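Q: No letters, just coordinates:
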Ligand SMILES: Nc1ncnc2c1ncn2[C@@H]1O[C@H](COP(=O)(O)OP(=O)(O)OP(=O)(O)O)[C@@H](O)[C@H]1O
Ligand SMILES: [Mg+2]
């Protein structure tokens, strides 16, 4: 009610009703001559004036209170009570002020509760949406909005998510069905597999049945399931091939070739080669699983890459000579050590140089270059203060192996370090490869907090480069102390 609704006519009527008995009393005294008419008139005027003053005061206070109540209803914050003249109006204003204070405290608590609930839902990593009976998105947390766009709220779910399996599941639950869970693939921006859970939900603010839809990204889980299945299939396939050859030759030697000395020698040679291949495969698999197990434990020793490279190159001279390949080492001496495991790093260069010999061209050169790389200017590592007498932690040693072979097409590069991945499987097998070499290299380099880069040009050759962080002074001192 606004103060304009308090009509003065009502106050005039109240005044008339209050003055009427006074007028009747005075008349009943004047008419029999008991009171002088002049006195009566003066008395009536006095009473009228008093009534008018009181009524005007009540009217003014009522307007002030109505106006105060209006301001309290409209205001967001606290409105101080107005000045009023009558005691009763003062009591009412005080009551309104107290009610307003209590209401504000409750409103603040409810607001804080609602904000906390929204913050919790928004902090969820998984997208969450509330869908009403008309299949419209009523609410969506920030993960859902950033995935499907800010404008998804208020629109039909089908506008943002066109997956028929999911839409069927939502319709089924809205029709009274039990909760369900479906898998769906989101093709863009990068392909992802999501598990959608659809659950019936009731909310006072939403008319009719509703559903709560949550999406959980299971891409990594699916990928690792697939990798495990592929790995078992690949490993068994790799073992089955030489095993089948062995069984075949054993059967032949026990049967038709029993007395054929020349065939026996040839078959035994092949059997020896196949058994070696199986043994290499099993050793590589064991080595890979051991390296994977310690991948999160950094090595504690010191390794001198120059010495390791020279030892590996010497060990491979014979193989290189067989293909008329010349091995060359390039780079300054006295390079700082890296924090690393010498045997594992030797395994890295053994595989890279062996690949360069195997897949490089005959009668060409394979170059192993060693160099110290300063961090790029402006990089986070370059900004690190260089204390006197101390190596900058992120200085890297780069060892690259360059061949002049046929090179590798760009499409293969991202997959080269996968287990059993080969550009030409038949050729790799014929050369005695297991296809595990670069997978082992990658895991060893990861353990050493290093990086492997591959540059290749079809028809020209390839460069496999290993970047390893130079050991800090503390690491050098700790490793020397441990060795004493
Ligand atoms: N220098 C290179 N030039 C051309 N292709 C290469 C080179 N290095 C590796 N590859 C390709 O990458 C594949 C994977 O190499 P990886 O070292 O993992 O296996 P592998 O050499 O075939 O077998 P293993 O190393 O177990 O003996 C190879 O089969 C080959 O196709
Ligand atoms: Mg190899």
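A: Here it is on my side, so go on. This is a predicted model, so every value here is computed, not measured. Ligands and ions are numbered 1, 2, ... in the order given.
Q: Okay, helices next: where are they in this structure?
A: Taking DSSP state H to define them, one finds helices in the chain at 8-30, 37-74, 87-123, 142-148, 157-160, 164-174, 219-254, 261-293, 305-322, 342-359, 425-430, 437-447, 473-483.
Q: Kindly reformat these as TSV containing mean neighbour count, mean pLDDT and distance to ligand 1.
A: Using the backbone N, CA and C atoms, a C-beta is placed for each residue, glycine as well. Output for the helices of the chain, formatted as TSV (neighbours: other C-beta atoms under 10 Å; pLDDT from 0 to 100; distance: least, C-beta to the nearest ligand atom, whole Å):
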stretch	mean neighbour count	mean pLDDT	distance to ligand 1
helix 8-30	13	86	99
helix 37-74	15	89	75
helix 87-123	12	91	43
helix 142-148	19	92	37
helix 157-160	18	92	43
helix 164-174	17	95	39
helix 219-254	13	91	10
helix 261-293	14	92	6
helix 305-322	16	96	12
helix 342-359	22	96	3
helix 425-430	13	84	3
helix 437-447	22	96	2
helix 473-483	13	82	30
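Q: which one of these lies closest to residue 330?
A: helix 305-322 (10.2 Å; C-beta to C-beta).
Q: Return the distance of that closest one from the chain's centre.
A: Computed by C-alpha atoms, centre = their mean, to the nearest Å, the chain-centroid distance of helix 305-322 equals 45 Å.
Q: Between helix 342-359 and it, find me the angle.
A: Here helix 305-322 points in a direction 30 degrees away from that of helix 342-359 (axes from the mean of the first three to the mean of the last three C-alpha atoms, to 10 degrees).
Q: contacting residues around helix 305-322?
A: 326-327, 329, 331, 333, 335, 337-338, 342, 345-346, 349-350, 353-354, 357, 366, 368, 370, 397, 399, 468 (C-beta atoms under 8 Å, 6 or more residues apart in numbering).
Q: Could you do stretch 11-31 as well?
A: 35-37, 40, 43-44, 47-48, 51-52, 55, 58-59.
Q: ok, 6 Å please
A: Residues outside stretch 11-31 that contact it (C-beta atoms under 6 Å, 6 or more residues apart in numbering): 35, 37, 40, 44, 47-48, 51, 55, 59.
Q: ditto for stretch 43-55
A: Taking C-beta under 6 Å, 6+ apart as the rule, stretch 43-55 contacts 11, 15, 18-19, 22, 26.
Q: try stretch 357-375
A: Here stretch 357-375 makes contact (C-beta under 6 Å, 6+ apart) with 309, 319-320, 323-331, 356, 381-382, 394, 396-405, 431.
Q: Try it again at 7 Å.
A: 305-306, 309, 313, 316, 319-320, 323-331, 335, 353, 356, 381-382, 392, 394-405, 431, 461, 467 (C-beta atoms under 7 Å, 6 or more residues apart in numbering).
Q: So for this structure, the centremost residue is which one?
A: residue 125 (6.8 Å; C-alpha atoms, centre = their mean).
Q: How about that residue: what's its closest non-neighbour residue?
A: residue 143 (6.3 Å; C-beta to C-beta, 6 or more residues apart in numbering).
Q: Could you find the closest non-adjacent residue to whichever residue of the stretch 151-300 of the chain sits closest to ligand 2?
A: Nearest to ligand 2 in the stretch 151-300 of the chain, going by C-beta to the ion, is residue 284, at a distance of 9.6 Å. Nearest residue to residue 284 in three dimensions, chain neighbours excluded: residue 436, at 4.2 Å (C-beta to C-beta, 6+ apart).
Q: State the distance from that neighbour to residue 354.
A: Separation of residue 436 from residue 354 (C-beta to C-beta, to the nearest Å): 12 Å.
Q: and if you look at residue 199?
A: 56 Å.
Q: Residue 443 now?
A: Residue 443 is 17 Å from residue 354, by C-beta to C-beta.
Q: Might one say that the residue nearest to the centre of the chain is in contact with residue 141?
A: No. Using C-beta atoms under 7 Å, residue 125 is not in contact with residue 141, being 9.8 Å away.
Q: If residue 467 is in a bridge, with which residues?
A: residue 398, residue 451 (DSSP bridges).
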